[in-house]
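In: Build the 3D model from these lines:
(3 chains)
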Amino acid sequence: MLYRARSLLSRLLAVCLMAAVPMQSMAEKEVERWGLNMTEGVTTVSRDIFGLHMNILWWCVGIGVVVFGVMFYTMLAHRKSKGAKAENFHESTTLEIIWTVIPFVILIIMAIPATTTLKQIYDTEEADMDVVITGYQWKWKYEYLGQDVSFFSLLSTPIEEIQNLKEKNPNYLLEVDEPLVIPINKKVRFLITANDVIHSWWVPDLAVKKDAIPGFMNAAWTRVDEPGIYRGQCAELCGKDHGFMPIVVKAVPQEEYDQWISERREMAAKLKAMANQTFSFDELYSKGEQVYNTVCAACHQANGEGIPPTFPAIKGSPVATGPLAGHMDMVINGSRTNPAMAAFGDQLSEVDLAAVVTFQRNAFGNNMGDTIQPIDVLKAKQQ
Amino acid sequence: MAHGPAKGFTRWLYTTNHKDIGSMYLWFSFAMFLLGGVFALVIRAELFEPGLQIVEPELFNQMTTMHGLVMVFGAVMPAFVGLANWMIPMMLGAPDMALPRMNNWSFWILPFAFAMMTSTLFMEGGAPNFGWTFYAPLSTTYAPPSVTFFIFAVHIMGASSIMGAINIIATIMNMRAPGMTYMKMPLFVWTWFITAYLLIAVMPVLAGVVTMMLFDIHFGTSFFDAAGGGDPVLFQHVFWFFGHPEVYIMILPAFGIVSAIIPTFARKPLFGYSSMVYATASIAFLSFVVWAHHMFTVGMPLAGELAFMYMTMLIAVPTGVKVFNWVTTMFKGSMTFETPMLFSIAFVILFSIGGFSGLMLAIAPADFQYHDTYFVVAHFHYVLVPGAIFSITAGVYYWLPKWCGNMYNETMGKTHFWTAFIGLNLTFFPMHFAGLSGMPRRIPDYNMMFADWNMISSVGAFLFGAAQILFLFNVIATIRGGKKATDEVWENPEGLEWTVASPAPYHTFSKPPQVS
Amino acid sequence: MSSNQDNAVEHEEYYVPEQSKLPIFASIGLFLTVWGAANWLNGNANGPMYFFGGSLMFAFVLWNWFSIVISENIQGLNSPQLKKSYVIGMAWFIFSEVMFFAAFFGALFYVRSLAGPWLAGEGEQGLGNDILWPGYEHEWPVMTTPDMAANGDSATMRGPEQNMSNPGLANWLGWLPFWNTAILLTSSVTCHIAHGALKKDNRRQFNLWLGLTVLLGIGFIILQIEEYVHAYNEMGLTLESGIYGATFFLLTGFHGAHVTLGTFMLLVMLLRSVLKGHFKSSDHFGFESASWYWHFVDVVWVGLFLYVYVFG
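Out: Numbers count the residues shown, from 1 in each chain, chains lettered A, B, ... in the order given. Predicted coordinates:
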């Protein structure tokens, strides 16, 4: 069953009920609710980390029980209303030494496995394959080094679900159009960077969280044991849609991966070839609408009105209704004055660029009447 | 000096009296607490359930940012300075603060700074939206224009803090009554002494880092831009070199307050006074060498990562000493549970829980899973709300009868405590679970798997907010009337402040007492 | 530092002014200044008006504030204990200034010794070099920025054409920072001699040496301006010259601002002495605090000279 938006009151009631009778009628099996603990994950490292986490947690619980135990006993036994008379002791070097040394020893016990695990996490040598991960406002780009395969991965949750107009599906906000595909039982090294602001690439099941810093490259690695789909999110505030740039990793057996990557390679070649084709206005316009809604609408909004001043309107915009060269330059190279407008020249194919410019110049009542072909984009790029 | 306060509104503008200034600080901080609280409630209302319903993501980010900034710089810090102003001269047997005019200046900068900061909400492009930690380049190249106002507001509130801290240090070093040696000072004075030192050491660093931002934004420098040879992570290093001592600035005075209250209501002297002083000093010292534990995921070299992990874990030792001392102070005492004591006991328990999660966060590999999730949000709220806010509240209840000469309403006080206590735990405890199950912080919308914990948090937050109205009401009622307080107020409390009349005369200790 | 009974008398006389209009007007002046500055930087037309109006007001209030403090001291309101508060206050203020410079020195160290090599591909942190900044090699001063190394002529973040670093010992005599160092170190000595003269109540000597200190301070500022003009006009070294320009100008710029303030403070002390006959051999903390400040500025310069210029 899907998650439903209910009235506040009934939701509240449900929460109270569920606290008492876990899960019963709402068999929302697909969404695991009331999660209490860290995931154990699907890698050696993630399990080690989980072990460390539980270990320190139990130490804390143990210390807590002792300290709070004494405290509650005192609060019950040594109260004035029960006629307790205060004693006057207020110093004991022995005690001070004891409760300095014992925690110190516990800390050393904790530090040893932590050090081992940390060293393991930092050992990015001898990877079987490299994936360059680049964070953009607000999407991820995956580039398989030496494979000629690279693509963007965007949130695929429909806007209607976010605006509560439609039922939310179980993977709400944790789904993308194109997941990162990796083979299982292979050491995959991630080279993580960013194009604009700092992002952070995090997949709990892999226990990989590394900041994506513009201008620098961080390394992380994973070796997934079980095939599956693992979901994560950006973990560093990166602006408006920080909450809307999830990560989906699909771990598959080697053969399946090999097949997938060769398909991707073919697709990339086909896309390149398409840059020389000519399309009709309608083809470009409808393709452009698609591109606009996935790429541009996050800032410029689906109605083209934007959120000025940072995200100006496309509707009636001096750029989209001005000279074509200026418009192409803006889309391909980005804005020189407003860093929020990124350069899309490398992010989109020539076909997509031609389509989206065509769309922008004709939608929202802009009615410029131009049709832009991929070849025009190629020419503009070369300038 | 014998006469009382001046008449009319200008009393507050022109005053040099530490009690007036202390009151202004406290009222200002309470106003900011409510403002920051409203921001928090907007956040919690949006997060009540999945989906976007109340605010758009842009405004949501502004709310989280302003909530943090207002609470840290507007509510907690000024409240402690207010308590310091009221209490330190009285605890030391001094006639006033060492530099009374500068004292008033330190205060009056704040309303202007926060007017400037809050005005950004109404500017084109909105208020700062990059989190209270304002990481570059989100806060520089990609920031709204209002960031310039934010930077200057930080500059002047920093100046205010530095002057306030210098004043406190000068007072403590120079104004102690005859016989009041350093090791006889109440712990509240000691913790503030060390806090003031931290403030003077790190507020200029904050000024430095916002200055670098200002130049990156307006003058084309490239401190935080790799293209020119800089590094965005440089920002984080400088910021957290300020930021980590800053979080201790927000907790050390709390240690002092609780160390004053627990002995009074346990009717037993504080256990391990000198170890408390040394523990505070060690925590302050360590705070300068642990900053990068906020940055375990930025990709530091392994050696740095290990060093910062070990140092951070070490902090647990002196912190533990403090908790053990408080518990032992209560042990075999003769306890009663008036409102200040309730808040103090809650402080010890809940602050310890915050300490436990802090220890967990110190383990660098585990931090890869905790970092920037709601687990961190739970952690620092457990440290700051029952830590800073509860201790301030405890301090207000404890000293309010001394300030205004009337007893507060105990029933209302206890109701306030229990509402706040339940509200707080409802709000922040579930955040541990949300974080552990994978919810990142600073997001306006989330998957349904986090929905239930968030709903509980939101309900708790509104309860906690409501409790503060009760507090306000109780304080106002106490100022206006109520049972007269005795000079001692409590049963044999320790300290010079209890030797003067209640309410404390406008000028106390014009002639210093002799401390034996 | 521990109190004892016989200073009880001092405690009794601790002067607490009843009321003062200074703080609130200082706050308003300061607020208008920064409000104006922020508006100005954001391109709002009324910014400069607020900025200059606020600065004037602020300066006027501070002038009054110091006048009042001085006249209180002359009236004998300040007990020895109160004077000690000023001493402590000044000492800790200087400490805060030290920490302000520490932030910039720390930043310089970080980009120079850590981030720079990483950008150039050193170690685990340097993985990005091949992909992000191919061709970048780290040297300090950074003349070729990563942007230039990777993008050639189309780079927007450009390094300087020349830098200010050590031209080799043989050329020091023609090297401006060397002379600036000489000037500033000398001025610290002259300031100290002036202080000695004051303690011996030798007013003529005091004025002479203090005047010389002020002149040296002004000389330093003039040379520093000369250096900046040269940097901007002939060396292509500006604030925008990559990380070298940024660290160079912020460190030397804030130092220069502190020298200017210090010179102004000493000048005021000189005028107080010459025109009003202020300061006694036993009571001259106004001058002393200015001299502390001056020595502090001098020490910062030594750090700068070594870290920014000589081993730059």
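In: Tell me which helix or strand the closest residue to chain C within the stretch 251-383 of chain A sits in.
Out: Chain C sits closest to residue A:336 of the stretch 251-383 of chain A, with a gap of 9.1 Å, by Cβ to the nearest Cβ. Where you see a C-beta, it was placed from the backbone N, CA and C, and this is true even at glycine. Following DSSP states H and E, there is no helix or strand that holds residue A:336.
In: and if you look at residue A:143?
Out: Using DSSP H and E, residue A:143 sits within strand A:139-144.
In: On the C-terminal side of that strand, identify the next helix or strand.
Out: Downstream of strand A:139-144, the next assigned helix or strand under DSSP H and E is strand A:149-153.
In: before we move on, back to that, report the distance from the strand holding residue A:143 to the chain centre.
Out: Centre-to-centre, strand A:139-144 and its host chain are 12 Å apart (Cα atoms, centre = their mean, to the nearest Å).
In: Identify the residues contacting that strand?
Out: Residues outside strand A:139-144 that contact it (Cβ atoms under 8 Å, 6 or more residues apart in numbering or on different chains): A:129-135, A:149-155, A:176, A:180, A:195, A:199, A:201, A:245, A:247, A:261, A:264, A:347.
In: One more: stretch C:304-312?
Out: Stretch C:304-312 is touched from outside by C:105, C:108, C:140-141, C:163-166, C:177, C:180-181, C:247-248, C:251-252, C:255, with contacts defined as Cβ under 8 Å, 6+ apart.
In: what about the residue of the stretch 251-383 of chain A closest to chain C, how many residues close to it?
Out: 10 (other Cβ atoms under 10 Å in any protein chain shown).
In: for chain A, what are the nearby residues on the stretch 1-150 of chain C?
Out: For the stretch 1-150 of chain C, the residues in contact with chain A (Cβ under 8 Å from any Cβ of the partner chain) are C:118, C:119, C:124, C:125, C:127, C:128, C:131, C:132, C:133, C:146.
In: which residue packs closest to the residue positioned nearest the centre of chain C, ignoring adjacent ones?
Out: The centre of chain C sits closest to residue C:258, judged by Cα atoms, centre = their mean, with a distance of 2.4 Å. Nearest-residue entry for residue C:258: residue C:297, 5.0 Å, with adjacent residues in sequence omitted and distances by Cβ to Cβ, 6 or more residues apart in numbering or on different chains.
In: before we move on, what about residue B:235?
Out: Excluding its sequence neighbours, the residue lying closest to residue B:235 (Cβ to Cβ, 6+ apart) is residue B:136, at 4.0 Å.
In: My understanding was that that neighbour contacts residue B:224; is that so?
Out: Yes. Counting by Cβ atoms under 8 Å, residue B:136 touches residue B:224, with 3.7 Å between them.
In: Are there residues contacting both of those two? Which ones?
Out: The contact sets of residue B:136 and residue B:224 overlap at B:213, B:216, B:232, B:235 (Cβ under 8 Å, 6+ apart).
In: Residue B:222 versus the second one, what's the distance?
Out: Okay, so that is residue B:216. Counting by Cβ to Cβ, to the nearest Å, the gap from residue B:216 to residue B:222 is 7 Å.
In: And the third one, by the same measure?
Out: Relative to residue B:222, residue B:232 is positioned 11 Å away (criterion: Cβ to Cβ).
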